[in-house]
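Colleague: I would like to see how this sequence folds:
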Amino acid sequence: MADPPAAWRDLRRFTAARVALGRAGNALPTAAHLDFQAAHALARDAVHARLDTAVLAADLGALGLAVSTCRSRAPDRAAYLLRPDLGRVADPDDLAALPREGGVALVIGDGLSATAAERQAAPLVAAALPMLAAIGAAPVRAVIATMARVALGDHIGAALGAEVVIVLIGERPGLSAPDSLGAYITFAPRPGRTDAERNCISNIRPGGLGFPEAAATLAWLVGQMRARGLSGVALKDDRPAGVPRIG
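Modeller: Residues are numbered from 1 along each chain as shown. From the prediction side, this is the model:
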């Protein structure tokens with residue numbers, strides 16, 4: 001087996017990407033090939049996994065949040081994957097049951113990785129709640145959304161009468177990160193909002209963007225949205241140098 005040059009091997013200290021794997025003839029070494037297959041299996045499992053809503057509700061309740069649930073119109077996982085449009089629209093009965101409370105709405109969705117929602121959502125919320133409370137924007141209710149796409153948060157936020165909606169949702173798994181969480185924040189949520197009207201914080205996980213930094217960015221964005229009355233491409237992360245920020 002040919003070893004990779006030292007300069008390539010050194011890169012492995014700084015990235016989880018598949019670099020400097022070596023080779024066996026014209027192929028990958030057996031260990032690298034098996035590692036790739038295992039990572040692919042984890043990514044597939046994350047896409048098809050069901051969100052354990054009871055455990056997540058208990059974790060969020062322990063943080064002092066009231067918890068509701070809401071399904072999308074996708075009847076099962078197969079339909080959810082084949083019909084993204086169904087995941088963007090809420091079940092009308094679930095939507096009607098949500099209380100109209102205003103303020104900041106928090107939606108946690110399974111998305112394309114229930115694993116990410118189960119592992120990362122509660123720790124991120126725990127880090128963010130004190131920062132949001134400090135700016136007078138702490139949500140009092142969390143809505144756990146299943147078979148969810150990002151735009152489902154617009155329907156839920158509108159039903160709650162929210163000023164801002166925060167959607168924490170499992171991102172499409174990668175071969176080095178099957179449990180990455182994304183945060184999508186939208187001012188004045190309503191059906192029909194576009195992705196250009198949201199701000200996104202991506203790759204939230206212990207091996208990516210850490211909870212304290214993600215929470216600080218989340219709180220800053222929410223504060224700016226409420227102060228300026230906008231979100232999306234019109235709102236840039238222009239915090240002064242030295243203030244924690246996303247890249």
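
Colleague: Sheet-wise, list the partners of whichever strand or helix holds residue 143 with their directions.
Modeller: Element membership for residue 143, per DSSP states H and E: strand 141-146. Strand pairing for strand 141-146, using DSSP bridges, gives strand 66-71 (parallel), strand 104-109 (parallel).

Colleague: So which bits of the helix or strand just after the first one are buried?
Modeller: From strand 66-71 onward toward the C-terminus, using DSSP H and E, the following helix or strand is helix 77-82. If you call a residue buried by 16 or more other CB atoms under 10 Å, then helix 77-82 has these buried ones: 77, 80. The C-beta positions use only the backbone N, C-alpha and C, and glycine is treated the same way.

Colleague: from the chain's centre, how far out does stretch 167-179 sit?
Modeller: 7 Å (CA atoms, centre = their mean, to the nearest Å).

Colleague: That one: which residues count as buried?
Modeller: 167, 168, 169, 170, 171, 173, 174, 177, 178, 179.

Colleague: Go ahead and confirm the second one touches residue 106.
Modeller: Right, residue 168. Yes: the criterion here is CB atoms under 8 Å, and residue 168 meets it with residue 106 at 7.4 Å.

Colleague: Give me the common contacts of the two.
Modeller: Common contacts of residue 168 and residue 106, defined by CB atoms under 8 Å, 6 or more residues apart in numbering, comprise residue 125.

Colleague: Give me the helices and strands touching the longest helix out of those in the chain, please.
Modeller: If you go by DSSP state H, the chain has its longest helix at helix 114-134. Where contact means 3 or more CB pairs under 8 Å, 6 or more residues apart in numbering; DSSP states H and E, helix 114-134 is packed against helix 30-48, helix 53-61, strand 104-109, strand 164-170, strand 181-187, helix 211-228.

Colleague: 6 Å instead, please
Modeller: Applying 3 or more CB pairs under 6 Å, 6 or more residues apart in numbering; DSSP states H and E, we find helix 114-134 packed against strand 164-170, helix 211-228.

Colleague: what angle sits between the last one and strand 104-109?
Modeller: Using axes from the mean of the first three to the mean of the last three CA atoms, to 10 degrees, the inter-axis angle of helix 211-228 relative to strand 104-109 is 130 degrees.

Colleague: Spatially central, which residue of the chain would that be?
Modeller: Nearest residue to the geometric centre of the chain (CA atoms, centre = their mean): residue 182, 2.4 Å.

Colleague: just checking, that residue touches residue 171?
Modeller: Yes: Residue 182 is within contact range of residue 171, at 4.5 Å (criterion: CB atoms under 6 Å).

Colleague: Name the nearest residue to residue 150, ignoring sequence neighbours.
Modeller: Excluding its sequence neighbours, the residue lying closest to residue 150 (CB to CB, 6 or more residues apart in numbering) is residue 184, at 5.0 Å.

Colleague: Who are the contact partners of the one you found?
Modeller: Shown in contact with residue 184 (CB atoms under 6 Å, 6 or more residues apart in numbering): 150, 167, 198, 200.

Colleague: at 7 Å what do you get?
Modeller: If a contact means CB atoms under 7 Å, 6 or more residues apart in numbering, then residue 184 has 150, 153, 167, 169, 198, 200 as its contacts.

Colleague: Just the closest of those residues to residue 93, please.
Modeller: Ranked by distance to residue 93 (CB to CB), these are led by residue 153 at 18.1 Å.

Colleague: and the closest one, what helix or strand is that in?
Modeller: According to DSSP H and E, residue 153 maps onto helix 152-160.

Colleague: secondary structure class for residue 18?
Modeller: Counting by DSSP: H, G, I helix; E, B strand; the rest coil, the backbone at residue 18 sits in coil.

Colleague: Output the below-cut-off pLDDT ranges for this protein.
Modeller: 1-6, 9, 33-48, 175-176, 241-247 (pLDDT under 70).

Colleague: Recalculate using a threshold of 50.
Modeller: 246-247 (pLDDT under 50).
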